[in-house]
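> only geometry, no sequence info:
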Ligand SMILES: [Cu+2]
């Protein structure tokens, strides 16, 4: 129906900006080194086991995850985007040090791409790494319905011989017949607690897919957590692996046996593959679930003697005494200490905020959002975001347009200082997120448990 009205619109010449838009019915074609088209549209995909019915979803180019966009560092990424949904949407390029006007945030950086309209995203890609793109309008619904995909930025001139595999993990809430559980979208129970947790985990849109791998002895696996709210912990049948990048940014490699990935985070690992392959399990619930099976292709059993290593450049932290401190107290939610908060100029009791406005979370006593400014910072200053999680829940805090340094306490031993764009904060944790404010614009800082963001856990840092 929408498709038809769009095409009629084209015929009647009513869509002024279609000159930059490529017809949505085309299969994905890479038009140049970094030129793609994306369409947000209604589609059907089977998420359950083989033979189960297809679920009604909202998808980019009809696939889940959306098409993998692979570009090379230094490229300009051009995406002709068309909205074939019946509600406004925008795309956010998660983790990219983007131009502010291409960041895709409602009421802040971009007007809506309305139904039947198009928009061309165009920006330089300055860092190699593992990124993703997703809807940022009503993200709690649009991402839950399937609007996301991987964005891989490769280093130029890298031919390490190491297999490169991207695994996109999602946590869907499905009914017994494997349809999306639509009734519970927007459930205040979810919004006030952990967010929308699912009951069905997919890798690359499938239930326990077989992932083919050539018989090389080293593979780089890029894990992306696209879930609305669930942090996932993965292991590879107890095999040891090396973590080489977090949120797209190379880190000093360290050995691990399992890895936790919060919503929106990415982890790149190097793992040795033998001829038997291995299974990937999610273990955070205490009941391991096999989510993918990595299988060596029998047609290629020659194990390469790769002494090759990826030559990733790890940035080093420079302590800077002249930091601009910004204190942020995260408040609210179930079992929290927030009795009232400011919202639209008035202090209101939490119950009223929840019942009448679907607002439950706050920064420093104010319900947050795109109109809530946390700080104004001069371009080039080093910022120390001193964030206190005064709630009873973990939160995956994401800063747009920048990566920040944070002390990372997982895996025991000495804490590691790493660059991330999303940091999982535990209840009562205090963290310092430090970054050079070198990207001008209005940048969102928010919880990536998408229901928490929608219910008030977000604010803006203005850099100029
Ligand atoms: Cu949160």
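Cool, got the structure. Since this is a predicted model, take the numbers as computed values, not measurements.

> residue numbers of the chain in contact with the ion?
Within the chain, the positions lying close to the ion (CB under 5 Å from the ion) are 395, 447, 449, 452. (Glycine included, C-beta is placed from N, CA and C.)

> residue contacts, the second one?
By CB atoms under 8 Å, 6 or more residues apart in numbering, the contact set of residue 447 is 330, 361, 395-398, 453, 457-458.

> equivalent analysis for residue 235, please.
Per CB under 8 Å, 6+ apart, neighbours of residue 235: 257-259, 280-281, 283, 288.

> by neighbours, which of these wins?
The residue in the contacts of residue 235 with the most neighbours, by other CB atoms under 10 Å, is residue 280 (23 neighbours).

> now for the host helix or strand of that one, which elements pack on it?
Following DSSP states H and E, one finds residue 280 within strand 278-282. Contacting strand 278-282 under the criterion 3 or more CB pairs under 8 Å, 6 or more residues apart in numbering; DSSP states H and E are the following elements: strand 232-235, strand 289-296.

> so in that sheet, which strands flank it, and in what orientation?
Counting by DSSP bridges, the strands paired with strand 278-282 are strand 232-235 (antiparallel), strand 289-296 (antiparallel).

> mean pLDDT lowest where, among those strands?
Here those differ in mean pLDDT, and the lowest is strand 289-296 at a mean of 93.

> can you name the element that comes right after that one?
Following strand 289-296 in sequence order, the next helix or strand is strand 323-332 (DSSP H and E).

> can you pull the buried residues of the helix or strand following that next one?
Scanning forward in sequence from strand 323-332 by DSSP H and E, the next helix or strand is strand 340-343. By neighbour count on 16 or more other CB atoms under 10 Å, the buried set for strand 340-343 is 341, 343.

> counting by contacts, list what strand 340-343 packs against.
strand 346-349, helix 350-357, strand 366-367.

> residue 52 is nearest to which of the ones you listed?
helix 350-357 (36.2 Å; CB to CB).

> buried deepest among the strands paired with strand 278-282, which one?
Ranked by mean neighbour count under mean count of other CB atoms under 10 Å, those are led by strand 232-235, which reaches a mean of 20.

> chain center to that strand, what's the gap?
16 Å (CA atoms, centre = their mean, to the nearest Å).

> next SSE after it?
strand 241-246.

> show the pLDDT at the residue lying closest to residue 409 once chain neighbours are set aside.
Spatial nearest neighbour of residue 409, chain neighbours left out: residue 415 (5.0 Å); criterion: CB to CB, 6 or more residues apart in numbering. Note on residue 415: pLDDT of 85.

> buried ones in the one helix or strand residue 191 maps to?
Using DSSP H and E, residue 191 sits in helix 188-192. For helix 188-192, the neighbour count (16+ other CB under 10 Å) marks 190-192 as buried.

> wait, what's in contact with the residue lying closest to residue 449 once chain neighbours are set aside?
Among residues not flanking residue 449 along the chain, residue 195 sits closest, at 3.8 Å (CB to CB, 6+ apart). Residue 195 makes contact with 228-230, 263, 449-452, according to CB under 8 Å, 6+ apart.

> tell me the buried residues within those.
Members of those classed as buried by 16+ other CB under 10 Å are 228-230, 263, 449-452.

> out of the residues you listed, who's nearest residue 209?
Using CB to CB, residue 230 comes nearest to residue 209 of those, at 18.9 Å.

> which pLDDT value goes with the closest one?
98.

> just to check, it is in contact with residue 199?
No: in this structure residue 230 lies outside contact range of residue 199 using CB atoms under 8 Å: 10.1 Å.

> residues touching the residue lying closest to residue 366 once chain neighbours are set aside, list them.
Using CB to CB, 6+ apart and skipping residues adjacent in sequence, the residue nearest residue 366 is residue 342, 4.4 Å away. Residues near residue 342 by CB under 8 Å, 6+ apart: 348, 365-367.

> list the buried ones in the one helix or strand residue 374 maps to?
Using DSSP H and E, residue 374 sits in strand 373-377. Going by neighbour count (16+ other CB under 10 Å), the buried part of strand 373-377 is 374-375, 377.

> reformat the residues you listed as a markdown table; add distance to residue 112 and pLDDT.
What follows is those, written out as a markdown table (distance: CB to CB, whole Å; pLDDT from 0 to 100):
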| residue | distance to residue 112 | pLDDT |
| --- | --- | --- |
| 374 | 24 | 95 |
| 375 | 27 | 95 |
| 377 | 28 | 97 |
